[in-house]
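Q: this one's sequence-less:
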């Protein structure tokens, strides 16, 4: 096992994928000479050359469009969108072309493109630099959407995504880039399987990306108060590992979904609906959601109040535990 930061793990995963398959190319703004804004691709251009690690113009639509062309010619490109809010100029390419072309060709054409997106808040940045826009792409048929939360998963999931013949939107929690933990040699899970991080008896917390660490802190705080909370890391947003979610809901009878995106029409709403449809009679309370408010991302000085934290998660757990109590 090796201890890495999450950013180092993605770098190592990209490096391993490029060593294993010469068709893998990496593209994006400032990713070569600079190594990316977050230095995730540091050193790759030096070792693999400018033909496989390409500094692009500041044109997200062109970046994704070029990746589509490369994939059609047999390459397996990984493109970096510098910040989450910068993906919108490429939205038409991703939704109208990348997601549709395999179905449009009757399955004859594969588009193995990975779109890497540093996502979420917590770094003191302005708007367009702290978005959680996974619901747009999860809603789009033809795309796979995943979100890593640990160095181990980051290392293995980026390689699994690059081996996939469908396009993958790969979310990286930017405020966790510097978190360190061990990376094992074996991935342990398939790309679209959820990971049970903690078993619980009273309620299950479901999170992905940046909120996984927050959910684990909430579970530990609840333990000190005598409550047993399970924690599931979704890892895959589309498709969802619904069997794992249903099993957890039936086990504890209560579920709280945590994400940084607005709760309105977010992935938490889909999980709540899917779990309720399957487990209605086993649930002791409604599936609750904790997320950001349905507002544009605020100035950095108030983002800690905007994003879900331990107190807001524990408040939702308390409501779930006492649902139906008569005052």
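A: Thanks, I have it. What you see is a predicted model, and the numbers here were worked out from it, not measured in a lab.
Q: what about the helices in the stretch 1-150 of the chain?
A: For the stretch 1-150 of the chain, applying DSSP state H, counting those that start in this stretch gives helices covering 6-20, 44-48, 60-72, 91-92, 101-104, 134-138.
Q: In a markdown table, list these along with mean neighbour count, distance to residue 226 and mean pLDDT.
A: Just so you know, the C-beta spots here come from the backbone N, C-alpha and C atoms, and that holds for glycine as well. As requested, the helices of the stretch 1-150 of the chain are exported to a markdown table (neighbours: other CB atoms under 10 Å; distance: least, CB to CB, whole Å; pLDDT from 0 to 100):
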| stretch | mean neighbour count | distance to residue 226 | mean pLDDT |
| --- | --- | --- | --- |
| helix 6-20 | 21 | 33 | 98 |
| helix 44-48 | 16 | 49 | 98 |
| helix 60-72 | 20 | 49 | 98 |
| helix 91-92 | 14 | 47 | 97 |
| helix 101-104 | 15 | 51 | 94 |
| helix 134-138 | 22 | 34 | 97 |
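Q: can you tell which of those helices is closest to residue 279?
A: Residue 279 lies closest to helix 134-138 among these, at 21.0 Å (CB to CB).
Q: Helix, strand or coil: sort out the closest residue to residue 198 other than its chain neighbours for me.
A: Leaving aside its chain neighbours, residue 198 sits nearest to residue 231 (4.1 Å; criterion: CB to CB, 6 or more residues apart in numbering). When classified by DSSP: H, G, I helix; E, B strand; the rest coil, residue 231 comes out as strand.
Q: Residue 231 pairs with what?
A: Going by DSSP bridges, residue 231 is paired in beta bridges with residue 198, residue 205.
Q: quick one: pLDDT of it?
A: Per-residue confidence (pLDDT) for residue 231: 98.
Q: again with residue 327
A: As predicted, residue 327 sits at a pLDDT of 55.
Q: Check residue 187 too.
A: Value for residue 187, per-residue pLDDT: 87.
Q: rewinding a little: let's have the helices of the stretch 1-150 of the chain in JSON lines, adding distance to residue 270.
A: Shown next, in JSON lines, are the helices of the stretch 1-150 of the chain (distance: least, CB to CB, whole Å):
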{"stretch": "helix 6-20", "distance to residue 270": "26"}
{"stretch": "helix 44-48", "distance to residue 270": "35"}
{"stretch": "helix 60-72", "distance to residue 270": "25"}
{"stretch": "helix 91-92", "distance to residue 270": "20"}
{"stretch": "helix 101-104", "distance to residue 270": "21"}
{"stretch": "helix 134-138", "distance to residue 270": "8"}
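Q: How is the chain divided into domains?
A: Listed domain ranges for the chain are 2-183, 196-321 (source: automatic domain parsing).
Q: Of all those domains, which one is nearest residue 189?
A: That would be domain 196-321 among those, by CB to CB, at 7.2 Å.
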